[in-house]
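In: Make a model of this:
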Amino acid sequence: MAWHDIRDPGDPELDRLAAQYQLHPLHIEDCRHRNQNAKLEEGPGYLFVVLKPVLLNRDQTLDVFDLDLFIGKDFVISVEGGDCPSAREILTQVRGQEARLRPDQVFYRVMDGIVDTYAPVLDGLNEEIDRLEDEVLESPQPRTLQKVLSTKRCLNTMRRVMANTRDVTAHLQRSGTELVDPQLWPFFRDVYDHIARNLDTIDMQRDLLTGSMDIYLSSVANRTSQVMKVLTVLGTAALPALVISGFYGMNLHSLPWANSPYGLAIVAALIVLTTTGLLYALRKLHWF
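Out: Sure, this is the predicted structure:
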């Protein structure tokens, strides 16, 4: 088996290999145009596979890469799109066993390794969801909502990647290609099962995020209600002062204590007493 490892899709070596193994020009174009969906296509005497390694960054953003494989009867061509440490580690590990592997076994081991890297990413997203649930309960802030939406975008991306990868394994088993030994079918079904379980995990995490968003909106609404309640109480408590001051603001000389030297003190005491009495009544009514 000849294994050709291409790290730069623009390398002229890829054109030479395309001519040597009669690779379809559209497949070469897919290698050089990034952001392809995971897929499997059959060419004359080979399989063209696009796999999607992922990388979860420290800021909980997700980077998605392309790893293209050409699988023939006696050759493997791997084309890396971007610098993904997990993909490079898998390729290095499998290449260490190259002498005793067939091309279809290389295909299985690389695909299985890529699918296995999805689990730690989901674990990292699950920890982030746990933190967000605590945050929306304790101190909901606008940045919390931004984190929830960002994590939800990551989950949507992971779901799209894994759904397409699941379709690759399903298409591979339906096609019954001679390039894959029938003894490997149970192993590819195992990969399919892993992806199916991960998709169930993603659906559960999306439900948790939706619940966190509902909790956030409820917390914000409750805080708004509390603020409005306090403002209502303050406005109600100020009513006696407004009524009394407005009453004595009229240009009339026959008002009580209008000519008394203690009139101001009496009116001020009246305002304090009525306001205190109203606050006591509101307290008894459990307004605050």
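In: Tell me the helix or strand right after the helix or strand residue 245 falls within.
Out: In the assignment (DSSP states H and E), residue 245 maps to helix 239-248. Where DSSP H and E defines the elements, the next helix or strand beyond helix 239-248 is helix 263-284.
In: would you put the C-alpha positions of stretch 211-231 in CSV?
Out: Extracted in CSV, the C-alpha atoms of stretch 211-231 (Å, rounded to 0.1, in the frame of the first residue of the first chain):
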residue,chain,number,x,y,z
GLY,A,211,-34.3,25.4,29.5
SER,A,212,-31.4,27.7,30.5
MET,A,213,-32.6,30.4,28.1
ASP,A,214,-36.2,30.1,29.6
ILE,A,215,-34.7,30.4,33.1
TYR,A,216,-32.7,33.5,32.0
LEU,A,217,-35.8,35.2,30.5
SER,A,218,-37.8,34.4,33.6
SER,A,219,-35.1,35.7,35.9
VAL,A,220,-34.9,39.0,33.9
ALA,A,221,-38.7,39.3,34.0
ASN,A,222,-38.7,38.7,37.8
ARG,A,223,-36.0,41.3,38.3
THR,A,224,-37.9,43.8,36.3
SER,A,225,-41.1,43.0,38.3
GLN,A,226,-39.1,43.6,41.5
VAL,A,227,-37.8,46.9,40.3
MET,A,228,-41.3,48.1,39.2
LYS,A,229,-42.7,47.0,42.6
VAL,A,230,-40.1,49.1,44.4
LEU,A,231,-40.8,52.1,42.2
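In: in this structure, which residue is closest to the centre?
Out: In the chain, the C-alpha nearest the mean C-alpha coordinate belongs to residue 151, at 2.3 Å (Cα atoms, centre = their mean).
In: part of a strand, is it?
Out: No: going by DSSP: H, G, I helix; E, B strand; the rest coil, the assignment for residue 151 is helix, not a strand.
In: for the closest residue to it other than its chain neighbours, phi and psi?
Out: Nearest-residue entry for residue 151: residue 128, 5.5 Å, with adjacent residues in sequence omitted and distances by Cβ to Cβ, 6 or more residues apart in numbering. For every residue, glycine as well, the C-beta is placed using N, CA and C. Main-chain torsions, residue 128, degrees, to the nearest 10: phi -60, psi -40.
In: I'd like the distance between residue 191 and residue 197.
Out: 11 Å (Cβ to Cβ, to the nearest Å).
In: Looking at these two, which is more packed in?
Out: Regarding residue 191 and residue 197, a neighbour count based on other Cβ atoms under 10 Å identifies residue 191 as having more, with 20 against 12.
In: so that one touches residue 169, yeah?
Out: Yes: between residue 191 and residue 169 there is a contact under Cβ atoms under 8 Å: 5.4 Å.
In: Find residues that contact each of those two.
Out: Applying Cβ atoms under 8 Å, 6 or more residues apart in numbering, one finds that residue 191 and residue 169 are jointly contacted by residue 111.
In: how about the lowest-mean-pLDDT helix or strand in the chain as PDB, C-alpha atoms only?
Out: None of the helices or strands of the chain scores lower by mean pLDDT, DSSP states H and E than helix 239-248, at a mean of 78. Below are the C-alpha coordinates for helix 239-248, written out as PDB (Å, rounded to 0.1, in the frame of the first residue of the first chain):
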ATOM      1  CA  LEU A 239     -48.400  60.600  47.500                       C
ATOM      2  CA  PRO A 240     -49.200  62.000  51.000                       C
ATOM      3  CA  ALA A 241     -46.300  64.500  50.700                       C
ATOM      4  CA  LEU A 242     -47.500  65.500  47.200                       C
ATOM      5  CA  VAL A 243     -51.100  66.000  48.300                       C
ATOM      6  CA  ILE A 244     -50.200  68.000  51.400                       C
ATOM      7  CA  SER A 245     -47.600  70.100  49.700                       C
ATOM      8  CA  GLY A 246     -50.000  70.700  46.800                       C
ATOM      9  CA  PHE A 247     -52.800  71.600  49.100                       C
ATOM     10  CA  TYR A 248     -50.600  74.200  51.000                       C
END
